[in-house]
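Participant: structure here, sequence nowhere to be found:
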C-alpha cells in the first residue's frame, strides 16, 4: 500500500511536469482507502459527475467536508477549483471558512467561490466551470428540489465533465433522490468520531453510502475518517470504546476536568 | 410657442420657436408683454432638468462620431473630431451627417467646426454655424457682436458703453487693461473665442485608451451578426493593444441603434487581456447574461468597442508552460463568470490578521489582485482541525442547559433541536480586539464539541463569569465535518 502511494505521488509529480496535451492519462483519482478504491474500480473517474446527497442541513458539514476531501484528492493542493454555492446554503449551514478548508488540505487561494441565489444561476456557473479544463474540480451545491435540476441538467454537467476531464461534485441537500446522469451517487451523514484523549472530539468522520455507481455495485457502506496530515480518506478503525459513554450525571460533578483543555 | 420661467418675481421668456421669433418675441421678454403682443401664444414652463436630460441623450447619440463629447453650458455639445473626419470624407460631410440625422429625429442643429471649442460655439450660436479653416478663427469671429463672448450682462453692457461693439473691436485692444477691468476669466474666454487658446475639454465620459468601431450600412440585430462584428472589433483592438505592449483591464462596448438609442456594456477582467477570442467570448457571455438585454430595435448601425483601462503586458505570452496556460484559462473563466454574475458574486478568499474568527478572512472579487496580508492558520500534526469549515456570521445564539462554570454545557438547543454533548475540547480563549472599536468587547471561550449524533460544532461562551459585565451567553459559530 505504501508503495502504491509512492508510485501515485510520483505520477502526480510527473503529470505536473507534462505539457497539457498529455494530461488526463490518469483518468481516476483515489480516495486513499484501499477497500473503497477497489470497490470503485481503482478510484473515481475524473471525467464524470459525482453526486453527494444529504438530508437537509443537519449533516451539511459532513457532506461539505466529504466533498472537501474529494476535492483535495482530485485536484491536489494547489489546482484552482470552482465552488458554486446557493446563498440559501449559507443561511442554513454557514459560510465556507477558508481557515478550516486549509486545515482539510485545500489552498484557499485556489478556490473561486461563486455565490448565487437561484438554482438556475448555480447550475449555469457550474456548467461553465465544468467546461474549463484548467480546474482541479467543480463543486456545486443545490438546496431543495428545484425543477431546473432535472435529468437534462445533470446530463449537461456530466457531459461538461466528460469533455474537460474535470470532476464535478454535485452536492444536493434534499430528501428526494431523483434520477440523474451522475456516475456515482453518495449519501453522507455525520459520524461519531473516535474521541481523542480526555474525550476531545476526534478527526473528521463520515458515514458514507455509495448508493449506486454506473459501472459497479452500489449500496456499499463505509465509515470513513479524513486524515488531515496525509490528506486521504481511511476507514475508521473500530475505536477503543465503540459508543461514547452514557451520559452520567455524576460525571458532571467533575466539571471541566472531564474535558480536554486546549492550547 | 415659447418657453417661460420665473425670474426675479416675473415670468420671462427663456426661449422662443421660429414662429414666435418671427412675431418679435425674444428671450428675456416678460411673459405679460409677450401675451400683450401675441395673445394666442402657446406657453410652456421651462424645465431645465428635462432640457439637460435631452441634451445628454443627444450627447450619447453623438458618441457615434467620436468618443470625446463634452457638454458646454447646457445647450451645446462639443465633439473632438480630429480622429473621425476621415470616416466621413470631409468636415463638411461630417457636419452634414450630424445635421441630417438630427433633423430626422426632429431637431434643428447648428454645427460649426473650429480650432477651439469656444470659437466653434460662438460661430454656431451667433453666426449660423460653418467651418472655420485653421488660422482663420480670429478673422471669422471679428464681426460678431460682443454678446458672442457670452460674459455676464454687465460685462457685455460695459463693453458696448466703451464703444466696443464687436469681438474684433475687443480683440484689437491691448490685453492688460482688459484683464484689469474685466478679470482673467474674460481674457481666457476672449482668447478661446478668437482661436488663440483652447481651454481643456471636460468629456462626459472617461477617454478610452483605444477604441475600435464598425458601422453598418444595413443595421444589424441578429446575434450571429453581432458575434461577427465582435470578431473584427476584438481583433482590431487586440492588435492595437499588442503594438502598445498593453492588455486591457476594463472594456466597454457601445451599441448605437439606428433610431438614436445607445446602450453601453462594460466588462472588467482580472489580468491584462489581449486575446481576441477571449475578449469576444467575454462580451458574448456578458450580453447573454444581461437581466435587461440589449434591445436591437430596428438594428444597430454602429458598434464601438473600447479599452477604458489597461495594464502593461509583456510581449508574446509564453503559452507552453502548463501553469501559465492553466492560469490563463482560469482567469478567463473568472472573467466570464464575473461578466455574467457580477463582481460581488465571484470571489476569492484572503486571510486577515485577526484573532476574531469571523474577521480572520475576507472575500474579495475574484478579478481584483488584492494581495494577502495574513496567513492561513495551520493545525497541528495528528490533531483534528482547529477551525470549522463552515462559519456563521453573525454567530448563532444557542440556549444552553446544564451549564457548569468554566466549561462547556452538557446540552444546548440550536434551531429548536436539543443537542447532547458527548465530547468536548477547550477552551480556546479569544480576547477581544478592543482597539478595533468593538462595542463592549468581550472575551470568548471556544469549545469544539460533538453531540450524540456525531455532529461537531464550534461553540463559544461570551464573557467571563464574574469578571466581565453583563450576561454570559453562548453562541454557535461553526460546523466541523
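Facilitator: Yep, it's here. Please read all numbers here as calculations on a predicted model, not as lab measurements. Numbering: from 1, shown residues only, chains lettered A, B, ... in the order given.

Participant: pLDDT score assigned to the residue nearest to residue B:400 when sequence neighbours are not counted?
Facilitator: Excluding its sequence neighbours, the residue lying closest to residue B:400 (C-beta to C-beta, 6 or more residues apart in numbering or on different chains) is residue B:409, at 3.8 Å. C-beta coordinates here come from the backbone N, C-alpha and C atoms, glycine included. Listed pLDDT for residue B:409 reads 85.

Participant: tell me which element residue B:409 is part of?
Facilitator: Under DSSP states H and E, no helix or strand contains residue B:409.

Participant: pretty sure it sits against residue B:418.
Facilitator: No - judged on C-beta atoms under 8 Å, residue B:409 makes no contact with residue B:418 at a distance of 11.1 Å.

Participant: which of these two has more neighbours?
Facilitator: residue B:409 (22 against 12; other C-beta atoms under 10 Å in any protein chain shown).

Participant: can you map out the helices along the stretch 151-300 of chain B?
Facilitator: Counting by DSSP state H, counting those that start in this stretch, the stretch 151-300 of chain B has helices at residues B:153-161, B:167-172, B:175-182, B:184-193, B:223-243, B:276-289.

Participant: can you tell which of those helices is closest to residue B:383?
Facilitator: With C-beta to C-beta as the measure, helix B:276-289 is the member of the helices of the stretch 151-300 of chain B nearest residue B:383 (44.4 Å).

Participant: of all of the stretch 51-200 of chain A, which residue lies closest to chain B?
Facilitator: Residue nearest to chain B within the stretch 51-200 of chain A (C-beta to the nearest C-beta): residue A:65, separated by 2.1 Å.

Participant: just to revisit the earlier point, pull the contacting residues for the residue nearest to residue B:400.
Facilitator: B:400, B:401, B:402, B:403, B:421, B:459, B:474 (C-beta atoms under 8 Å, 6 or more residues apart in numbering or on different chains).

Participant: what of residue A:134?
Facilitator: By C-beta under 8 Å, 6+ apart, the contact list for residue A:134 reads A:79, A:80, B:325, B:326, B:327, B:328, B:329, B:330, B:333.

Participant: could you dump those to TSV with neighbour count, pLDDT and distance to residue B:413?
Facilitator: What follows is the contacts of residue A:134, written out as TSV (neighbours: other C-beta atoms under 10 Å in any protein chain shown; pLDDT from 0 to 100; distance: C-beta to C-beta, whole Å):
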residue	neighbour count	pLDDT	distance to residue B:413
A:79	19	89	42
A:80	24	92	41
B:325	17	67	53
B:326	19	73	48
B:327	14	76	48
B:328	17	81	51
B:329	17	87	48
B:330	24	90	44
B:333	24	93	43
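
Participant: looking at the residues you listed, which is nearest residue A:238?
Facilitator: residue A:79 (35.3 Å).

Participant: leaving out sequence neighbours, find the closest residue to that closest one.
Facilitator: residue A:136 (3.2 Å).

Participant: now do the contacts for the residue most central in space within chain A.
Facilitator: Nearest to the mean C-alpha position of chain A, by C-alpha atoms, centre = their mean, lies residue A:67 at 1.5 Å. Residues near residue A:67 by C-beta under 8 Å, 6+ apart: A:52, A:139, A:169, A:171.

Participant: surely residue B:375 meets residue B:351?
Facilitator: Yes - here residue B:375 reaches residue B:351: they are 5.7 Å apart, a contact under C-beta under 8 Å.

Participant: which of the two has more residues huddled nearby?
Facilitator: residue B:351 (19 against 12).

Participant: got any ranges where chain A has weak pLDDT?
Facilitator: Counting by pLDDT under 70, the ranges of chain A that qualify are A:1-5, A:8-9, A:11-26, A:177, A:239-263.

Participant: for it, which segments count as helices?
Facilitator: Using DSSP state H, the helices found in chain A span residues A:2-17, A:34-39, A:60-75, A:87-93, A:98-104, A:119-130, A:151-164, A:249-254.

Participant: on that earlier part again, list the contacts of the residue nearest to residue A:79.
Facilitator: Applying C-beta under 8 Å, 6+ apart, the residues near residue A:136 are A:71, A:74, A:75, A:76, A:79, A:80, A:81, A:110, A:166.

Participant: thinking again about what came up before, now neighbour count and distance to residue B:288 too, for the contacts of residue A:67, in a markdown table please.
Facilitator: Formatted as a markdown table, these follow (neighbours: other C-beta atoms under 10 Å in any protein chain shown; distance: C-beta to C-beta, whole Å):
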| residue | neighbour count | distance to residue B:288 |
| --- | --- | --- |
| A:52 | 25 | 30 |
| A:139 | 25 | 24 |
| A:169 | 27 | 26 |
| A:171 | 27 | 26 |
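
Participant: distance-wise, check the nearest residue to residue B:80 once chain neighbours are set aside relative to chain A.
Facilitator: With sequence-adjacent residues excluded and distances taken as C-beta to C-beta, 6+ apart, residue B:80 is closest to residue B:68, at 3.7 Å. Distance from residue B:68 to chain A, counting by C-beta to the nearest C-beta, to the nearest Å: 37 Å.

Participant: residue B:68 and residue B:36: what is the separation?
Facilitator: Distance of residue B:68 to residue B:36, given as C-beta to C-beta, to the nearest Å: 47 Å.

Participant: neighbour count: these two, which is higher?
Facilitator: Set side by side, residue B:68 and residue B:36 show more neighbours around residue B:68, with 20 against 10, by other C-beta under 10 Å.

Participant: could you list the buried residues of stretch B:71-91?
Facilitator: B:71, B:76, B:77, B:78, B:79, B:80, B:81, B:84, B:85, B:88 (16 or more other C-beta atoms under 10 Å in any protein chain shown).

Participant: ok, so of these, who is nearest residue B:295?
Facilitator: residue B:77 (24.9 Å).

Participant: helix or strand: which one has the closest one?
Facilitator: strand B:76-79.

Participant: what strands line up against that strand, and which way round?
Facilitator: With DSSP bridges as the test, strand B:76-79 is paired with strand B:69-72 (antiparallel).

Participant: got the contact list for the partner strand?
Facilitator: B:55-56, B:59, B:62-63, B:77-80, B:117, B:121, B:201-205.
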